[in-house]
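Colleague: only the shape, not the letters, is given here:
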């Protein structure tokens with residue numbers, strides 16, 4: 001049970017439909033190797049990677065590397081189809097963008113469906129592996145964060161015309177649901193953290209909720225975090241890969257830059273908003289935000305950081321097999337949130 005608050009059933013549904021409600025048995029690597037060889041005619045060394053919910057592998061072959069992803073059994077096939085369709089759309093309409101590519105099976109399909117022992121289904125896909133360093137592991141300068149912002153702006157411009165039957169999926173990471181997840185604070189063991197979360201919920205209610213129905217919406221990437229942006233510091237354009245469309249959804253456009261900004265808050269203690277400001281400046285140069293959206297952006301970034309901290313606490317208790325991954329991505333969230341709140345732009 002997520003919480004005893006009135007929105008408990010809604011929160012539970014969000015977690016379930018986001019594939020985060022429970023742990024699942026990891027898929028057998030030997031089975032993955034067999035399926036990839038049979039349906040894609042590729043083989044090599046298969047290395048399991050830590051991820052939030054999928055079973056993910058790096059496949060090293062003699063002629064190039066691939067990323068093999070197997071969806072969790074509680075993620076609907078329609079949602080996986082949405083993720084694939086987004087990448088296909090960008091490949092067809094904005095080929096200049098360095099978006100991860102989907103490899104077809106030898107029969108021309110986007111994926112392979114496999115059944116679990118309890119009768120559910122999982123979807124296996126093979127994607128191109130984007131080589132390089134992720135932004136999270138670099139010491140980027142403000143102008144490079146701005147370059148990353150420009151890239152997300154270009155992605156959002158390209159996605160403006162995209163539609164899909166599953167794009168209105170229920171997703172716990174979608175910031176528009178933030179006010180209905182206040183009950184998660186009950187599961188945060190530190191009273192100081194719960195207090196910080198409460199302050200952000202109050203800010204969101206005052207600054208964002210009155211405008212939610214009037215914000216411009218479209219399909220967005222949904223998780224353009226520093227862990228999903230591959231970069232080359234020696235290249236002028238800096239960003240060489242955009243990966244992981246697992247949280248793509250139709251939502252307010254302003255929430256898309258809020259995600260990476262949340263990841264950048266508080267990392268420079270002397271100026272907690274320095275990197276987030278640089279990212280936002282780059283984004284708005286390419287994809288301007290309206291007068292109604294700009295004041296929403298910093299509060300949305302605070303909300304997303306709070307949401308990640310709360311979900312990490314909740315997941316660490318209920319999905320021990322993903323605990324290390326979750327905590328590695330969110331280990332400084334509460335410290336960074338406190339710093340950012342203290343220096344919040346008015």
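Modeller: Nice, I can see it. This is a predicted model, so every value here is computed, not measured.

Colleague: can you count the residues close to residue 198?
Modeller: By the criterion of other C-beta atoms under 10 Å, residue 198 has 13 neighbours. All C-beta atoms are positioned from the backbone trio N, CA, C, and that covers glycine.

Colleague: pLDDT score for the residue lying closest to it once chain neighbours are set aside?
Modeller: Distance criterion C-beta to C-beta, 6 or more residues apart in numbering; nearest residue to residue 198, sequence neighbours excluded, is residue 185 at 6.4 Å. At residue 185, the pLDDT value in this model is 91.

Colleague: residue 185 contacts residue 310, correct?
Modeller: Yes: the criterion here is C-beta atoms under 8 Å, and residue 185 meets it with residue 310 at 6.4 Å.

Colleague: who has more neighbours, the two?
Modeller: residue 310 (26 against 23).

Colleague: so the more buried one, which state does it fall into?
Modeller: helix (DSSP: H, G, I helix; E, B strand; the rest coil).

Colleague: all helices in this structure, in order from the N-terminus.
Modeller: Applying DSSP state H to the chain gives helices spanning 8-17, 29-40, 77-93, 142-159, 191-207, 255-264, 274-286, 296-318, 323-330, 333-342.

Colleague: common neighbours of residue 185 and residue 310, please.
Modeller: Residues within reach of residue 185 and of residue 310 at once, by C-beta atoms under 8 Å, 6 or more residues apart in numbering, are residue 197.

Colleague: so who does residue 157 touch?
Modeller: By C-beta under 8 Å, 6+ apart, residue 157 lies in contact with 286, 287.

Colleague: so this structure: which segments form each domain?
Modeller: Domain segmentation of the chain under automatic domain parsing yields 8-18+133-342, 29-128.

Colleague: so which of those domains is the most surrounded?
Modeller: Of all these, domain 8-18+133-342 carries the top mean neighbour count, a mean of 19, counting by mean count of other C-beta atoms under 10 Å.

Colleague: measure that domain end to end?
Modeller: Counting by C-alpha to C-alpha, to the nearest Å, you get 30 Å between the two ends of domain 8-18+133-342.

Colleague: how far does that domain sit from the chain's center?
Modeller: How far domain 8-18+133-342 lies from its chain's middle: 8 Å, per C-alpha atoms, centre = their mean, to the nearest Å.

Colleague: got it, and stretch 58-75?
Modeller: On the basis of C-alpha atoms, centre = their mean, stretch 58-75 sits 18 Å off its chain's mean C-alpha point.
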